[in-house]
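K.L.:
model this:
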Amino acid sequence: MFSDDFMQDGWAGQRFKTGPSGPTLGLAMIMKNEANNLPYSLGPLAGLLDEMVVVDTGSTDASAEMAAAYGAKVVHTHWNDDFSQARNFGLDFMTTDFILWLDADNSLTVTDLAMIRDRLGSGGLIFTATEVVVPQGDRLWQKRVFANSPEARFQGRIHEQLTHPPEWPVVHTPAEIRHWGYADGKQAREKGHRNLQLLISDPQTAAGDFYHLYQTGRTLFNLRYFKEAKDYLNGAAEAGLLGTGLSEAGQAENVLLESPSLWSHSLILLSQTHQRLGDYALAEECLRYLCRARPGYGPGRAYLGRLLAESGRNEECVSQLTKALALGCGDPGWGADHRKLGFVSASLLAKANATLGRHREARKAWEEAVRLNPEHPEPYVALAESLITEGDTPKARLLLAEAIRLSPTHRRALNMEASL
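P.N.:
Predicted structure coming up:
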């Protein structure tokens, strides 16, 4: 399976080479009726990898023939409602030193592929990439390249996870993988129902496994089954807390979490579920619990600040959102984009400060919003309004012109410009 040079260097995280071109890299993919997607996923990578193995799980279109035409070895297996089984079936056919896994609705640029190749000899056995969900823009990092070994296999019928020895060194890369499989609303809902059935019927869900409870609750939430989501997310929040929890004084006390990112997201989703069900007190309680357990976790404070803003508690809203922006609002573990959530936090912080009469602080928050999302017109309009109040018309005109460039039909910006 590995070349002699690779095996000689072993698993100690040292640099290794299998020859003049470095370690070999292959692609593993599973598919069913993906003829429309393959030209955008498999096609651009044809001829750039040392091997491509595609597992067909029962296509009735031209997917298998297309994949073979791109140079892939196509192997067939029966679909047993188990994504890990299909993926692991394909791994048994791989002969390269490293394996990149993609789905047929994923794309990787040639530049990022070359960058990953350059890092394969750097001592890592696992390499991450950031999945970018389009058009939503959610971002989360995933283990996408791994050493070819029987010890590296997928686990879980749905939302499968790569399992490997814990001592394997992980290298984070800036590579991005675009995932467009949920872009169509109707198709996304159909996939959601499919995923839900697999999750609910999975024995690990019934056994109270944290990850399966979390994924089931998340799927139910996305499908807007909020009453049902609440129970699973409650279960996930309890199952993911492994330590002693919080002291009677409400302080963190040896809190151990199975997966800090996903556990935090389970509480954020649980809070949003309570909001959808009209129980704002419980929604707030979830977020306060998260902030006590993880006081340095920016997204938790960002969502708490948003909830406080909605209820008009501006003073505390300012406190929480200021902390959130200082800590950072991103968490690639579950897809919280620091710019997206940070922009919302900065905008809400600006509005809360303005309501409290703190106009200088409000302006600083709007300036931060511009930095985080320079393509959004609203901060420019708010800053222009502030400058008009101070009599600085020339600068206000420039800001309004930028807002109108970004949004030509922005009524408020057009009206303000016309009044100058």
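K.L.:
only C-alpha atoms from now on, for both contacts and neighbour counts.
P.N.:
OK.
K.L.:
identify the residues contacting Arg276.
P.N.:
Phe226 (CA atoms under 8 Å, 6 or more residues apart in numbering).
K.L.:
and the pLDDT at it?
P.N.:
For Arg276, the pLDDT comes out at 97.
K.L.:
could you do the one 4 residues further on as well?
P.N.:
At Tyr280 the predicted local distance difference test score is 96.
K.L.:
over to Gln251?
P.N.:
At Gln251, the pLDDT recorded in the model is 56.
K.L.:
now Tyr182
P.N.:
81.
K.L.:
contacting residues for it?
P.N.:
Here Tyr182 is in contact with 133-134, 188 (CA under 8 Å, 6+ apart).
K.L.:
recalculate using a threshold of 6 Å.
P.N.:
Ala188 (CA atoms under 6 Å, 6 or more residues apart in numbering).
K.L.:
repeat for Ala346
P.N.:
So Ala346 contacts 365, 369 (CA under 6 Å, 6+ apart).
K.L.:
same check, this time on Trp263
P.N.:
Gly240.
K.L.:
now do it against Glu160, distance only.
P.N.:
Going from Trp263 to Glu160 by CA to CA, to the nearest Å gives 17 Å.
K.L.:
what of Leu325?
P.N.:
Applying CA to CA to Leu325 and Glu160 gives a distance of 33 Å.
K.L.:
more crowded one of the two?
P.N.:
Leu325 (23 against 16; other CA atoms under 10 Å).
K.L.:
regarding the more buried one, what is its secondary structure?
P.N.:
Following DSSP: H, G, I helix; E, B strand; the rest coil, we place Leu325 in the helix state.
K.L.:
quick check, Tyr216 in a helix?
P.N.:
Not quite, residue 216 is Thr, not Tyr. Yes - Thr216: assigned to a helix according to three-state DSSP.
K.L.:
so who does the nearest residue to His338 once chain neighbours are set aside touch?
P.N.:
Leaving aside its sequence neighbours, His338 sits nearest to Gly330 (CA to CA, 6 or more residues apart in numbering; 3.6 Å). For Gly330, the contacting residues are 336-338, by CA under 6 Å, 6+ apart.
K.L.:
swap in 7 Å and give it another go.
P.N.:
299, 336-338 (CA atoms under 7 Å, 6 or more residues apart in numbering).
K.L.:
in strands only, show me those residues.
P.N.:
Judged by DSSP state E, the contacts of Gly330 include no members of strands.
K.L.:
please check the residues you listed and keep the buried ones.
P.N.:
Among the contacts of Gly330, the ones that count as buried by 16 or more other CA atoms under 10 Å are 299, 336-338.
K.L.:
can you tell me how far Ser261 sits from Trp141?
P.N.:
With CA to CA as the criterion, Ser261 and Trp141 are 11 Å apart.
K.L.:
need the overlap of contacts for these two.
P.N.:
Gly333.
K.L.:
neighbour count winner among those two?
P.N.:
Trp141 (21 against 16).
K.L.:
from the buried ones among the contacts of Gly330, which is closest to Arg358?
P.N.:
Pro299 (24.3 Å; CA to CA).
K.L.:
nearest spatial neighbour of that closest one, chain-adjacent residues omitted?
P.N.:
Cys329 (4.7 Å).
K.L.:
I'd like the contacts of Gly330 as CSV, with pLDDT appended.
P.N.:
Below are the contacts of Gly330 laid out as CSV (pLDDT from 0 to 100):
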residue, pLDDT
Pro299, 98
Ala336, 89
Asp337, 88
His338, 92
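K.L.:
which of the residues you listed lies closest to Ala206?
P.N.:
Taking CA to CA as the measure, Ala336 is the one of the contacts of Gly330 closest to Ala206, at 28.1 Å.
K.L.:
chain neighbours aside, what residue packs nearest to the closest one?
P.N.:
Per CA to CA, 6+ apart, closest to Ala336 is Gly330, 5.0 Å.
K.L.:
what's the pLDDT at that neighbour?
P.N.:
So, for Gly330, pLDDT stands at 92.
K.L.:
ok, Glu248 next?
P.N.:
With respect to pLDDT, Glu248 scores 51.
K.L.:
also Leu27?
P.N.:
98.
K.L.:
after the host helix or strand of it comes which helix or strand?
P.N.:
Per DSSP states H and E, Leu27 falls inside strand 25-31. As assigned by DSSP H and E, the chain's next helix or strand after strand 25-31 is helix 38-41.
K.L.:
just checking, what packs against that next one?
P.N.:
Counting by 3 or more CA pairs under 7 Å, 6 or more residues apart in numbering; DSSP states H and E, the packing neighbours recorded for helix 38-41 are strand 106-108.
K.L.:
returning to what we had before: confirm the residue nearest to Pro299 sits in a helix?
P.N.:
No - Cys329: not assigned to a helix; according to three-state DSSP it is coil.
K.L.:
tally of neighbours for it?
P.N.:
Neighbours around Cys329, by other CA under 10 Å: 26.
K.L.:
ok, it - contacts?
P.N.:
298-299, 302, 338, 341-342 are the contacts of Cys329 under CA under 7 Å, 6+ apart.
K.L.:
returning to that earlier point: any idea how far the residue nearest to Ala336 is from Lys32?
P.N.:
Taking CA to CA, one finds Gly330 at 34 Å from Lys32.
K.L.:
can you check Tyr303 too?
P.N.:
39 Å.
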